[in-house]
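[1] Fold the following, please.
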Amino acid sequence: MTTANNTLLPVAERGWRRGFDNLFRNENHLRWGRSRWLVPALIWLAILNGFILLVAYAEADDGSTPAEIAAECIAIFMTIGTIAGAVGAVTGIQGAIIREKQLGTGAWVLSKPVSRNAFVLAKLLSHSLAYLILPLLVPSIAFYIQSQMLWGQTPALSLFLAGWLVMTLHVLFYVSFTIMLGTLFNSRAPVSAIGLGFLFSGQIFPGFLPQWVTLIFPWKLSELAAALALGQPLPPGWPIPLIATAIWTVVFVVIALWRFGREEF
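    Next comes the predicted model:
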């Protein structure tokens, strides 16, 4: 590791953390350095907050009151934002591990004093941070400002935050899911197909499957986020998908670490 004066400093990391700090710093530089984050942030604002503006104007033309418009936009923002964040995670991270394997950079990095666990965790944490900030945090702050400017009122902060935390859990599920798939396959096609297929299956299959099956997957989290943000009654068994999604996320991370630890380079 070097300082601003280009002097070498010893790195005392051991075990699974060996090389993590440098890898994590490098991943963050690739994402945030030289204002690389600005264009993705503007795209997410245009997609989510721009769509909310269209909905608000359409509701206003129908004669809805500001309170009715605000409630409708909160529900749509939570529902669409949850799904859009997951789509962005799958499509944006599908090559995070596979690209390293295909280009040989993974083998080159691991020839240095770097542990395989640190390699995976650096990518997992850096991408988690990026997809919690760009598709979720930035549009959510903008939405709060929109609410005040357009309707003269803002969502109850505690309720909105509760819904936002559900959105973050949903995105973290798909970040870890995609990273895991990247350690299992050697091309992007199956990663994106499985990730997006599973996501959109949640819009189709719950009507045909037993309720307990739908509860153990994150398919209902978008509806739960909207209900929480609006202060509406929660459906029976609502804690189950939260707990199950958190467990699945941890399981995916464990599988990713196990599989990449056995990758042959």
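
[2] Going along the chain, name the helices of the protein.
    Assigned by DSSP state H, the chain shows helices spanning 20-32, 38-44, 50-61, 66-93, 98-103, 105-110, 116-132, 138-151, 157-184, 188-201, 211-215, 221-230, 239-260.

[3] could you dump these to TSV with mean pLDDT?
    TSV is the format used below for these (pLDDT from 0 to 100):
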stretch	mean pLDDT
helix 20-32	87
helix 38-44	91
helix 50-61	86
helix 66-93	92
helix 98-103	88
helix 105-110	83
helix 116-132	94
helix 138-151	89
helix 157-184	96
helix 188-201	94
helix 211-215	86
helix 221-230	94
helix 239-260	96
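
[4] got those as JSON lines, with mean neighbour count columns?
    C-beta coordinates here come from the backbone N, C-alpha and C atoms, glycine included. As requested, the helices of the chain are exported to JSON lines (neighbours: other CB atoms under 10 Å):
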{"stretch": "helix 20-32", "mean neighbour count": "16"}
{"stretch": "helix 38-44", "mean neighbour count": "15"}
{"stretch": "helix 50-61", "mean neighbour count": "15"}
{"stretch": "helix 66-93", "mean neighbour count": "21"}
{"stretch": "helix 98-103", "mean neighbour count": "16"}
{"stretch": "helix 105-110", "mean neighbour count": "15"}
{"stretch": "helix 116-132", "mean neighbour count": "21"}
{"stretch": "helix 138-151", "mean neighbour count": "17"}
{"stretch": "helix 157-184", "mean neighbour count": "22"}
{"stretch": "helix 188-201", "mean neighbour count": "17"}
{"stretch": "helix 211-215", "mean neighbour count": "14"}
{"stretch": "helix 221-230", "mean neighbour count": "23"}
{"stretch": "helix 239-260", "mean neighbour count": "17"}
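
[5] Report the spatially closest residue to the residue positioned nearest the centre of the chain, excluding sequence-adjacent ones.
    What sits nearest the mean C-alpha location of the chain, by CA atoms, centre = their mean, is residue 171, with 3.0 Å. Excluding its sequence neighbours, the residue lying closest to residue 171 (CB to CB, 6 or more residues apart in numbering) is residue 85, at 4.4 Å.

[6] doesn't residue 131 make contact with the one you found?
    Yes. Using CB atoms under 8 Å, residue 85 is in contact with residue 131, at 6.4 Å.

[7] which residues do the two both contact?
    The contact sets of residue 85 and residue 131 overlap at residue 171 (CB atoms under 8 Å, 6 or more residues apart in numbering).

[8] For residue 124, list the residues it contacts.
    So residue 124 contacts 175-176, 179, 253, 256 (CB under 8 Å, 6+ apart).

[9] Please repeat the previous calculation with a cut-off of 6 Å.
    For residue 124, the contact set (CB atoms under 6 Å, 6 or more residues apart in numbering) comprises residue 179.

[10] Could you do residue 252 as well?
    Contacts of residue 252 by CB under 6 Å, 6+ apart are 176-177, 180.

[11] Excluding sequence neighbours, find me the nearest residue to residue 130.
    residue 31 (5.1 Å).

[12] from what I can see the one you found touches residue 131, true?
    No. Judged on CB atoms under 6 Å, residue 31 makes no contact with residue 131 at a distance of 10.0 Å.

[13] Which residues are in contact with each of these two?
    Common neighbours of residue 31 and residue 131 (CB under 6 Å, 6+ apart) do not exist.
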